[in-house]
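**Student:** task: produce atomic coordinates for the following.
(2 chains)
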Amino acid sequence: MTTAAEQMAQKQRSISVAEFFSKNRHLLGFDNPRKSLLTTVKEAVDNALDACEEARILPEIIVEIIDMGTDRYRVIIEDNGPGIVKEQIPNIFARLLYGSKFHSMKMSRGQQGIGISAAVMYGQLTTGRPARITSITGKGKQAHYYELKIDTTTNTPQILKDDVVEWNKEHGTRIEIDLEAGYSKGATSVDAYLKQTAIANPHVTIIYTNPKAEQFIFPRVVEELPAEAQEVKPHPYGVELGLLMQMAHQTSSRTMSGFLQQEFSRVSSQVAKEILQKAGVLENAKPADLTREAAEKIIRAIKDTKIMAPPTDCIAPIGAEALKKGLKKEIKAEFYCATTRPPAVYRGSPFIIEVGLAYGGELKGDSVAKVYRFANRVPLQYQQGACASTAAITQTNFKSYGLQQSKGSLPVGPLAIAIHIASIWVPFTSESKEAIAHYDEIIKEMKLALQDAGRQLAKYVNKKKKLKGELQKRSYIEKYIPSVALAIKQILDLTDAQKAEIEERLKGIMESSRGEIKNIADTNEEYDEEFAKIGKEDEESSDDEDDEQ
Amino acid sequence: MKETLKKIQGTAQRVLSSIEHQEAPVLTFPIRSLSNVEYNEKEGYFKILNKVKERKLTANTIKTFAQTLLLMNESKKIIETDDIMTKREAYYVSKNWGDAKFNEQPESDAVMDDIEAMMRTQREQIGFIPEEDGGAVAGAITIIEKDPETGEDIEIDCTKFASGAYNIPNQVEGLKFKTNAKFVLAIETAGMFQRLVKHKYWKSANCILVSLKGVPSRATRRFIRKLADENKLDVFVFTDGDPYGYLNIYRTLKVGSGNAAHINEFFCVPNAKFIGVTPQDIIDYKLPTHPLKDIDIKRLKDGMKNDPFVKHHKEWEKALKQMATLKKRAEQQAFASHDLNYVISTYLPDKLKDHSKWLP
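**Tutor:** Residues are numbered from 1 along each chain as shown, chains lettered A, B, ... in the order given. Have a look, this model is predicted:
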């Protein structure tokens, strides 16, 4: 039985969540019309990809944006995921902070369960129109159609329509949101986001129609899903006081020793014993009775105890080869390399850093290196300056890899850098997930990855330099062969034909003494000109818009 | 000349046949330096040894290789047309060679020297003549030259010059001499030469005066050699008392140089004798001196260590050592401190009488 006071308390908390975000929409990525469109697409696509991968289905996503006039747009995202059971649909799409990912220790794109419902709320606030969701979970099942709004005072779903419809699809989900937005091209556009998503997720097919009715198809290039990320229990190193107490009070274990072993990863009975001894807590004490003081002692004891690093099968990197393939599609360079670091840990959370480099070719030699940032395969398009990856790049000495760089700046030269962090919990600097927080462990790993790739690059750059010298020598030889032949011809009164023969033979002699020249640049059959163009149009105007924020 | 032409064609033929055999062609030159000469006592000059350098056709040598062949071709042309070409002209002719042209004259000079050495002949034989000024001649001699237009003999009586002198031409091979002089006096500086001409020293001493004008040109060396050979004349050399005068001027005149190792045979004067200024003269005549410069000291040390001529003549070794100890040098004109004409009245007559004070 709950009292009226308790109910009110709960209500008040819900009100604050929805209202807080409706008033602080910038925290969720709805700062301006243009960014709102991107965030909406992004939240829906990220969710769709997460759902497909969790159900081990190769994702095929349809994205359509329709210009409805007067700054209104309709965003339609359809996936071939597992679908959503009828009862869950309203909560998932029309309730903030509702989701499966927040408490799960598993790598995924979404984390907090805010994104898609925030998009629904934004659409509803700016157009007054409900979100339309259709979902089907399998053959022989019914497709359900919902029209949903969020009751912003209670943070509960408002169901305007609940129908069963005909949908010629085996399984999947489709969402339609109308919203006030702005569309333009450029580096921070929806176009660029989808393209970069295709780079970091080569196993995905995306069919995209933009508001100008231009259709892009980003086809799947890798036929396998990334390794399934395993769900893990939290590692003791990452646990904080409040969470520890909450977990202790909720556990089904009856002793502290059992609780630590059952709820955390890498805690054996031996480790549990050590922690509890150091904390002065009895092994068979009841977790439910854990006091704040005892919990604090346990936290301190954990820090003093050597515990094996968390398991890393909870994260799935893109893989060096796939990352290289992605870069090749985007950039016509002459050299590509990529590296995947072994897993590392910050605050008890394992993570993997990957770096891919593209060098030379059509990349501009006199401008700052282009940086593509990804977190759990999601492109990060804003706040590059605030991102840990930028710090790592500026702290890496690219001069030793044959580029120019002034202290504390991005390198200058024909270089593109793709940098990816995969983790069960990526520490973003804000809820809108635009930049990675500056954790020493993360920056260190990023630098190691950059150095590793950099060394591969240096090898190529040196080889290229040598080749250039060799080519110069050869052109030098070619330059003087006719003079030698001419002198011999005139001294010995030979014919022009004999002179030509001397030249031919001399070339042969010089060639054989210098060996054959190999083309050292990578061939790039993956490069797709049309694809590469996306996101590069109107870059200048889009930069202007960034400045306004 | 015919022979030279054959040599040029033979060289080109060897290059061609290497190319036909798919081998990188090689040009071979004798090394022109003191390390590749020996002092031949019997003949009295620096004789070239057998050290050679090879210029194989590679990326690094191809430009010089092409230039060498092209210049040989120019040589062939001037021999065929009985013409001549100066070093400077050769440099300008190369401007027609496109990419292979010479950028600076020292480049063309070096290639020319290489060809000369390779042909083992005098530069004049391959049609190239030096730009350099020959020495001046005055005194008791008549020189007979052929008029280039008429082919008639022209007699030049050197006693008839008042204050001027005969200028030694670039090609001296065809010259003939008439003289009753007793010896040739070769003088380093034009200033000292002028003094001796002015006071007709040649008359009182019955000699021929030659102004070397520093290190003697090839023509000057060849001229003195012919004079000495054909008229059985002694040759005395009078230079400044410094390492340059000893090792560069006198030694080159007498036995030749490393750089011209391949032609020393023709361009040396083995019977030349050194009559000063020696380090002992500096002491004996109490001459005003200058301290030795670093480059002088280096030249001295180098001479004692590497010069086969100095090594062979203990007297010279002693003299150089003495100068190294003195750390001083004296010029020809230093005798003027006693009297302007002290050289004429005292020094030269005394010195020429006293064989023991000469240096070999």
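**Student:** chain A contacts on chain B?
**Tutor:** When proximity is defined as CB under 8 Å from any CB of the partner chain, chain B approaches chain A at B:8-9, B:12-13, B:15-16, B:19-20, B:22-24, B:57-59, B:62-63, B:65-67, B:69-70, B:72-73, B:76, B:97-100. Using the backbone N, CA and C atoms, a C-beta is placed for each residue, glycine as well.
**Student:** pull out the buried members of those residues.
**Tutor:** Among the residues of chain B next to chain A, those classed as buried by 16 or more other CB atoms under 10 Å in any protein chain shown are B:8, B:12, B:15-16, B:19, B:24, B:57, B:59, B:62-63, B:65-67, B:69-70, B:72-73, B:76, B:97, B:100.
**Student:** A:K447 touches A:T396, doesn't it?
**Tutor:** Yes - the pair A:K447 and A:T396 qualifies as a contact (CB atoms under 8 Å) at a distance of 5.4 Å.
**Student:** more neighbours, those two?
**Tutor:** Using other CB atoms under 10 Å in any protein chain shown, the more surrounded residue of A:K447 and A:T396 is A:T396, with 23 against 19.
**Student:** check the more buried one and give its pLDDT.
**Tutor:** On pLDDT, A:T396 comes in at 85.
**Student:** and what of B:E145?
**Tutor:** B:E145 carries a pLDDT score of 88 in this model.
**Student:** against chain A, how distant is it?
**Tutor:** Going from B:E145 to chain A by CB to the nearest CB, to the nearest Å gives 34 Å.
**Student:** partner strands of the helix or strand of chain B with the lowest mean pLDDT, with direction?
**Tutor:** Least confident helix or strand of chain B, by mean pLDDT, DSSP states H and E, is strand B:128-129 with a mean of 78. Strand B:128-129 has these partner strands in its sheet, going by DSSP bridges: strand B:85-86 (parallel).
**Student:** what does the very next helix or strand once past the partner strand contact?
**Tutor:** Sequence order places helix B:87-93 as the next helix or strand after strand B:85-86, per DSSP states H and E. Residues from elsewhere that reach helix B:87-93 (CB atoms under 8 Å, 6 or more residues apart in numbering or on different chains): B:71, B:74, B:85, B:102, B:105, B:108-109, B:112, B:128-131.
**Student:** pull the most distant pair out of the residues you listed.
**Tutor:** The two members of the contacts of helix B:87-93 with the most space between them (CB to CB) are B:F102 and B:I129, at 17.6 Å.
**Student:** the more surrounded of these two?
**Tutor:** The neighbour count for B:F102 versus B:I129, taken as other CB under 10 Å, is higher for B:F102 (22 against 19).
**Student:** can you put the contacts of helix B:87-93 in JSON lines and add distance to B:G241?
**Tutor:** Shown next, in JSON lines, are the contacts of helix B:87-93 (distance: CB to CB, whole Å):
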{"residue": "B:L71", "distance to B:G241": "41"}
{"residue": "B:E74", "distance to B:G241": "44"}
{"residue": "B:M85", "distance to B:G241": "39"}
{"residue": "B:F102", "distance to B:G241": "39"}
{"residue": "B:Q105", "distance to B:G241": "33"}
{"residue": "B:S108", "distance to B:G241": "36"}
{"residue": "B:D109", "distance to B:G241": "31"}
{"residue": "B:M112", "distance to B:G241": "35"}
{"residue": "B:F128", "distance to B:G241": "36"}
{"residue": "B:I129", "distance to B:G241": "34"}
{"residue": "B:P130", "distance to B:G241": "29"}
{"residue": "B:E131", "distance to B:G241": "30"}
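**Student:** nearest to chain A: which residue in the stretch 201-350 of chain B?
**Tutor:** For the stretch 201-350 of chain B and chain A, the shortest gap (CB to the nearest CB) falls at B:H262, measuring 21.3 Å.
**Student:** which phi and psi values does that residue adopt?
**Tutor:** In terms of degrees, to the nearest 10, the main-chain angles of B:H262 are phi -70, psi -10.
**Student:** now it. Nearest residue, chain neighbours left out?
**Tutor:** Leaving aside its chain neighbours, B:H262 sits nearest to B:A117 (4.3 Å; criterion: CB to CB, 6 or more residues apart in numbering or on different chains).
**Student:** now do the contacts for the one you found.
**Tutor:** B:29-30, B:32, B:261-262.
**Student:** what's in contact with the least confident helix or strand of chain B?
**Tutor:** B:75, B:84-87, B:90, B:112, B:116, B:123, B:170-171.
**Student:** quick one: which of those is nearest to chain A?
**Tutor:** Distance to chain A across the contacts of strand B:128-129 (CB to the nearest CB) is lowest for B:S75, with 9.4 Å.
**Student:** and the closest one, what helix or strand is that in?
**Tutor:** Taking DSSP H and E as the definition, B:S75 sits inside helix B:62-80.
**Student:** most widely separated two among the contacts of B:A117?
**Tutor:** The farthest-apart pair in these, when distances are taken by CB to CB, is B:F29 and B:A261, at 11.0 Å.
**Student:** give me the more crowded residue out of these two.
**Tutor:** B:A261 (24 against 19).
**Student:** for the more buried one, give me its contacts.
**Tutor:** B:A261 sits next to B:30-33, B:36-37, B:46, B:48, B:117 when contact means CB under 8 Å, 6+ apart.
**Student:** secondary structure, pLDDT and distance to A:Q261 added to those residues, as a markdown table?
**Tutor:** Below are the contacts of B:A261 laid out as a markdown table (DSSP: H, G, I helix; E, B strand; the rest coil; pLDDT from 0 to 100; distance: CB to CB, whole Å):
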| residue | secondary structure | pLDDT | distance to A:Q261 |
| --- | --- | --- | --- |
| B:P30 | strand | 86 | 92 |
| B:I31 | coil | 84 | 88 |
| B:R32 | coil | 81 | 91 |
| B:S33 | coil | 81 | 88 |
| B:N36 | helix | 83 | 90 |
| B:V37 | strand | 83 | 95 |
| B:F46 | strand | 86 | 99 |
| B:I48 | strand | 83 | 96 |
| B:A117 | helix | 83 | 93 |
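**Student:** circling back: ok, the residue of the stretch 201-350 of chain B closest to chain A - contacts?
**Tutor:** B:30, B:32, B:48, B:116-117, B:120.
**Student:** try it again with 10 Å
**Tutor:** B:29-32, B:36-37, B:48, B:113, B:116-122, B:256 (CB atoms under 10 Å, 6 or more residues apart in numbering or on different chains).
**Student:** so where is the stretch 401-549 of chain A shaky, pLDDT-wise?
**Tutor:** A:431-432, A:514-549 (pLDDT under 70).
**Student:** show me what from it comes close to chain B.
**Tutor:** Within reach of chain B by CB under 10 Å from any CB of the partner chain, the stretch 401-549 of chain A has these residues: A:470, A:472-494, A:498, A:501-506, A:508-510, A:512-514.
**Student:** next: chain A.
**Tutor:** Neighbours of chain B within chain A, by CB under 10 Å from any CB: A:470, A:472-494, A:498, A:501-506, A:508-510, A:512-514.
**Student:** name the SS class of the closest residue to A:D313 other than its chain neighbours, please.
**Tutor:** Nearest-residue entry for A:D313: A:Q230, 4.4 Å, with adjacent residues in sequence omitted and distances by CB to CB, 6+ apart. At A:Q230 the chain is in coil, as set by DSSP: H, G, I helix; E, B strand; the rest coil.
**Student:** which phi and psi does A:Q230 have?
**Tutor:** phi -80, psi 150.
**Student:** tell me, how many neighbours does it end up with?
**Tutor:** Neighbours of A:Q230 under the rule other CB under 10 Å: 15.
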